[in-house]
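[1] what would the 3D arrangement of this be:
(chains A and B)
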Amino acid sequence: MGKRLTQRVLLIGWDAADWHLIHPLMEAGKMPVLEKLVERGVSGKVTTLQPIISPILWNSIATGKHADKHGILGFVEPIPEQEGVRAVSSTSRKAKALWNILSQRGMRSGVVNWYASQPAEPINGTVFSDRFVSFMPEEPGKVLPHLRSVHPAELREWSDDLRVHPTDLSLEQVFAFFPGKKPVDLEDPRLDTLVKLLAECATTHNAATHLAAQDDWELLAVYYTTIDHACHQFIEYHPPAMGHVSAEDAELYGEIVNCFYRYHDMMLGRLLDMVGRETTVILLSDHGFYSDHLRPHVEEHTREAAVKIGVDRNPVAWHRPHGVFVAAGEAIKRDELIHGASLLDIAPTVLTLLGLPVADDMDGRVLTRIFQEPVEVERIPSYEPPHPQDGMHRDATAEEADPWAARQALLQLAELGYITLSENDSAAKLVADAEWDRRSNLAQVYFSTDRLAEALPVLQELLDSGERPNVRCRIALCLLSLGRIAEAEEAIDAVKSDEAGSPLPRLIRGQIRLAQGRIEEAIAMLEPLQNESLPLSHLHTVLGQAYLRRGLVADAEATLRKALERDEENAEAHDALGVALRRQGRYEDAIYEHTRSAALLHHRPQTHVHLGLALIAGEQIDWAIRAFEVAAEVAPKNPYPHRCLARLYRLVKHDEERARQHIAVALELRRNLRKGAGKRTPTAGAAAPSTPLPTH
Amino acid sequence: MMQSLAAGGVPPLTDARRASDDSNPRGYLELEAVKRLKADRSWLPEARGKAVKIIHLLLPDLAAPGGGENEFRVIMMRRPVEEVVASQRAMLARQGKASASLPDAQLGKLFLDQLERVERLLASKPDFKVLTVQYPALVADPAAEAARVNAFLGGGLDEAAMAQAVDPALYRERR
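    Sure thing, here's the model as predicted:
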């Protein structure tokens, strides 16, 4: 066992919490608890994973693994014994969560409302599953049937007392969320939604405070879903209200989201008071939430202009790719900003805090820079081999353990004519849609982690299962990123005519022209898209890169600045702007932009390469070496950073030995890449694909 | 088993919709309405005293609402699950259809789990009596198994004809 840095960890999840909303509240003194926590610890943005879907993300947080390893790939799964779907369950998770790892190490955990925690796992500790919180009896006080939503079983006798039913809430409590005008129409369904959210939130908090008071745990993991749900319901009213919102609604519902944040601050205060300063606290969100001019809207095109008529109902479109991260405790630095944290880093960091080894099969890294003292991270190959005390559902039936496989078995029996699955068409469609989403999300996981060769067959399967919008575009992007440019063009050519005129295929076609080196044509294709309904920040980034390739650095700068006006957190635009500035001899400005880009998206190797080049130009050689070293760490298979390092050591540092070492590594990596022929050829810019994959 | 029961004197309830094929040259003796059991039980009175072929997964629907007015004698035909998987895959291949893209072992485990769940349910139902017949045993010693089935169904069947109707040639795809 490694050196233990804390006696216990309180891990708090606030789904969708976003600094853009928190900062103004903290500055106004309206989130005093979080403000103090930030002051006594480290804080920063945490980068989310793709696709930005909460069950996937919270299970990556708990396991330190990507979704293809932990197996939670969507909101729902088939019900094994019948038609229809249910919320994704703990029996489907294939990797051990922190509480399973602690359990097998003889340590106790408390878990509240974590995504996909139903049925409650038999760990060493206590579990209130997500079903415990979300499943409300129709009437208050009505005893619910045993739903395997709590562990240990003796909790069943009294755990219903922790539930807050909507009817338990007084009008005064609800009206606290309306600091100005109070609602008059009590039948308004939005009020009903608000009350249900409050009840669920209070239930979660009751279970959390109950466990916090037990004082017998080493990890308490509590997940509050309410900020996300409240934002989905009420962010359109948040000031400045979106264009389609009436003045009356804006006045009435405008403060709801802020009030939920303040409510969470109060709940945080209660928990912190209970657990004491000796507990290390980590608070994070899985993603942010657009609350400003980037809120996705639906437009109606009139002859004169596009008019915003409502909100985009695709929930994923609202998720900003950066969430909140705060950590505080005796071993943690104080009042410091950190960059580059990923959701995958949470589990390894918690293990290190508790003196446990980190597994090599985890995808995240320990956030060593948050600690006051250097720590030595102990490692083991894996925690995954079964352990009698890991609290996984070892007795689950094969159907429970893999409902997707169970579905396949059912389909086989239907194919044989033994059963029919078409009695309930809507239920069958739900299952089919869920299966499609799962495969689509898996493709997105592969694509976003640069496993393009694995993403491609999954996308091809999706296409084979029936034509749906954007699948061919995704295949084209995949092929383009693999360097299979002719095939990418074929895929785009095959896009159905009614979809081909829409902006996305045209954008990809422009990118294909860029990859072909037909820069003028690319620019001619991309420029008209500025008037289309696209994520404009991304379009401007691609267009800016095209101008850069053409040597039009001033145009590139102007276009990339437009991209950043639309979205100041566009890491790719900051990086490309840095390149444009360097080419204009504005090295300090270039270094600033690359640094901002790296702070937003640490795992993007080309940013560190570009930063290194800007630092060389600015004659900051030692920092340039560090930048190329980071690029080499982030992209360990890429020879290019080593070539840069070799040149620096040879020509500037006159350190021939180190130069040779890097040349040797670069040659070895190049050989390895050639062995993997057919895969993409990395260049200085090779990294995760730049275009976000549309999923629907 | 359906052929054997018919030969012994238990008439099958069948709509004769599914014709014989390469997988079963003697015909299937199936009833399409069985598959709609959840929604339509109107054919059940007609089945009294007759044999109906039904897959294990649909037995819970037989036991569902309205249960109690009938008594069911279930002859559970068991076969090593590896053989079941191989047989199903071969049958689908002959029909040009795709089978589940799962490893045989996983598919077999799923079928066994389904079967165990159904058997547990039936064991708790007083209106269900269950006799398990192992398919390899039936092929190896048709007379003995015919006698067991006859006893289970209350006697009075032509055991010799039942045994005679067992066709070992259909016992294929053993792995």
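[2] got the domain ranges for chain A?
    A:9-380, A:535-587, A:602-696 (automatic domain parsing).
[3] residue ranges with poor pLDDT in chain B?
    By pLDDT under 70, the low-scoring segments of chain B are B:18-20, B:22-27, B:64-68, B:170-175.
[4] for A:L613, give me the pLDDT.
    For A:L613, the pLDDT comes out at 96.
[5] for it, which non-adjacent residue is spatially closest?
    A:R582 (6.7 Å; C-beta to C-beta, 6 or more residues apart in numbering or on different chains). Every C-beta, even on glycine, is put in place using the N, C-alpha and C of the backbone.
[6] what about that neighbour, distance to A:C644?
    Counting by C-beta to C-beta, to the nearest Å, the gap from A:R582 to A:C644 is 15 Å.
[7] and A:A247, by the same measure?
    57 Å.
[8] also B:L112?
    Applying C-beta to C-beta to B:L112 and A:C644 gives a distance of 58 Å.
[9] hang on, isn't A:W318 packed against A:C231?
    Yes - the pair A:W318 and A:C231 passes the contact test of C-beta atoms under 8 Å, sitting 7.1 Å apart.
[10] circling back to that earlier point, let's have the domains of chain A in TSV, adding mean neighbour count and distance to B:L59.
    Converted to TSV, the domains of chain A look like this (neighbours: other C-beta atoms under 10 Å in any protein chain shown; distance: least, C-beta to C-beta, whole Å):
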stretch	mean neighbour count	distance to B:L59
domain A:9-380	19	12
domain A:535-587	21	53
domain A:602-696	18	40
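[11] lowest-confidence stretch among those domains?
    The bottom spot among those, by mean pLDDT, belongs to domain A:602-696, with a mean of 82.
[12] now for the residue nearest to A:L613: which residues touch it?
    Counting by C-beta atoms under 8 Å, 6 or more residues apart in numbering or on different chains, A:R582 makes contact with A:590, A:610, A:613-614, A:617.
[13] from these, pick the one nearest chain B.
    A:H610 (43.5 Å; C-beta to the nearest C-beta).
[14] so what's the closest one closest to, chain neighbours aside?
    A:H594 (5.3 Å).
[15] helix, strand, or coil at that neighbour?
    helix (DSSP: H, G, I helix; E, B strand; the rest coil).
[16] read off the pLDDT value for it.
    At A:H594, the model reports a pLDDT of 96.
[17] for the one 3 residues further on, same thing?
    Model confidence at A:S597, expressed as pLDDT, equals 94.
[18] report the two of the contacts of A:R582 separated the most.
    Largest separation among the contacts of A:R582 by C-beta to C-beta: A:H610 and A:A617, giving 10.6 Å.
[19] name the residues that touch stretch B:54-72?
    So stretch B:54-72 is contacted by A:410, A:413, A:418-419, B:34-35, B:37-38, B:41, B:44, B:48, B:74, B:76, B:114-115, B:118, B:121-122, B:125, B:127-129 (C-beta under 8 Å, 6+ apart).
[20] give me the subset of those residues that lies in strands.
    B:74, B:76, B:128-129 (DSSP state E).
[21] ok, of those residues, which one's closest to B:A100?
    Distance to B:A100 across the ones in strands among the contacts of stretch B:54-72 (C-beta to C-beta) is lowest for B:M76, with 22.6 Å.
[22] tell me who's in contact with the closest one.
    By C-beta under 8 Å, 6+ apart, the contact list for B:M76 reads B:56, B:119, B:130-133.
[23] rerun at 10 Å
    B:M76 is in contact with B:56, B:59, B:115, B:118-119, B:122, B:130-134, counting by C-beta atoms under 10 Å, 6 or more residues apart in numbering or on different chains.
[24] ok, back up a step: pull the contacting residues for the residue nearest to A:H610.
    Per C-beta under 10 Å, 6+ apart, neighbours of A:H594: A:574-579, A:581-582, A:606-615, A:627.
[25] quick one: the helices in chain B, in order.
    For chain B, the helices defined by DSSP state H cover B:2-8, B:59-63, B:81-94, B:104-123, B:135-140, B:142-152, B:159-165.
[26] and of those helices, who's closest to A:V495?
    Of all the helices of chain B, helix B:81-94 sits nearest to A:V495, with 33.6 Å by C-beta to C-beta.
[27] quick one: A:A558 and B:L29, what's the gap?
    79 Å.
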